[in-house]
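A.B. asks: Turn this into a model:
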Amino acid sequence: MKNVTLIIDAIRIHLADSLDVEALKTTIVAAARSGGDFVHLESEKGVLYDLLVTPASTVVVQSVTNVFEFASAVSTWTASLDHEL
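C.D. replies: Coordinates of the predicted model:
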C-alpha cells in the first residue's frame, strides 16, 4: 500500500488513494507557472481542499510504500521466576 502526502507551505494533506498524483503534480506546476491558481483535491478522509498555488508556494509530494514485516510466532524468550532472597 502506498500513502501519498502533499505538503504545501507547511500544511500536510494525506491524499485519497483514488487521486491521480501525476495529474495533481501537473496541475500544481501549471498553477505556479501561470502566476497562481486554485488547485482542487480530496484528502484520504474525503475532505475537499481548494489550495491557492503561486510561484512562491513550497510544494512537496511525499510517497511512502508501507512494508509490513511479521515476526515469527516462535519466541526465544522464556519466563524466569528465579529471584535471590
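A.B. asks: Tell me where the chain has strands.
C.D. replies: Secondary structure of the chain (DSSP state E): strands located at 2-8, 11-14, 37-42, 48-53, 59-65.
A.B. asks: Could you dump those strands into JSON lines and include mean neighbour count and mean pLDDT?
C.D. replies: To be clear about C-beta, it is placed using only N, CA and C from the backbone, and glycine gets the same treatment. Output for those, formatted as JSON lines (neighbours: other Cβ atoms under 10 Å; pLDDT from 0 to 100):
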{"stretch": "strand 2-8", "mean neighbour count": "16", "mean pLDDT": "90"}
{"stretch": "strand 11-14", "mean neighbour count": "13", "mean pLDDT": "94"}
{"stretch": "strand 37-42", "mean neighbour count": "14", "mean pLDDT": "95"}
{"stretch": "strand 48-53", "mean neighbour count": "14", "mean pLDDT": "95"}
{"stretch": "strand 59-65", "mean neighbour count": "12", "mean pLDDT": "90"}
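A.B. asks: quick one: which of those strands is nearest Leu24?
C.D. replies: Taking Cβ to Cβ, strand 37-42 is the member of these nearest to Leu24, at 6.2 Å.
A.B. asks: Just the C-alpha atoms of the closest one, please, in CSV.
C.D. replies: C-alpha atoms of strand 37-42 as CSV (Å, rounded to 0.1, in the frame of the first residue of the first chain):
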residue,chain,number,x,y,z
ASP,A,37,-4.4,29.5,-9.4
PHE,A,38,-6.6,27.3,-7.1
VAL,A,39,-5.9,23.5,-7.2
HIS,A,40,-8.7,21.2,-6.1
LEU,A,41,-8.1,17.9,-4.3
GLU,A,42,-9.5,15.4,-1.9
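A.B. asks: who does that strand pair up with?
C.D. replies: With DSSP bridges as the test, strand 37-42 is paired with strand 48-53 (antiparallel).
A.B. asks: Run through who's touching the strand it pairs with.
C.D. replies: 8, 13, 28, 31-32, 36-43, 59 (Cβ atoms under 8 Å, 6 or more residues apart in numbering).
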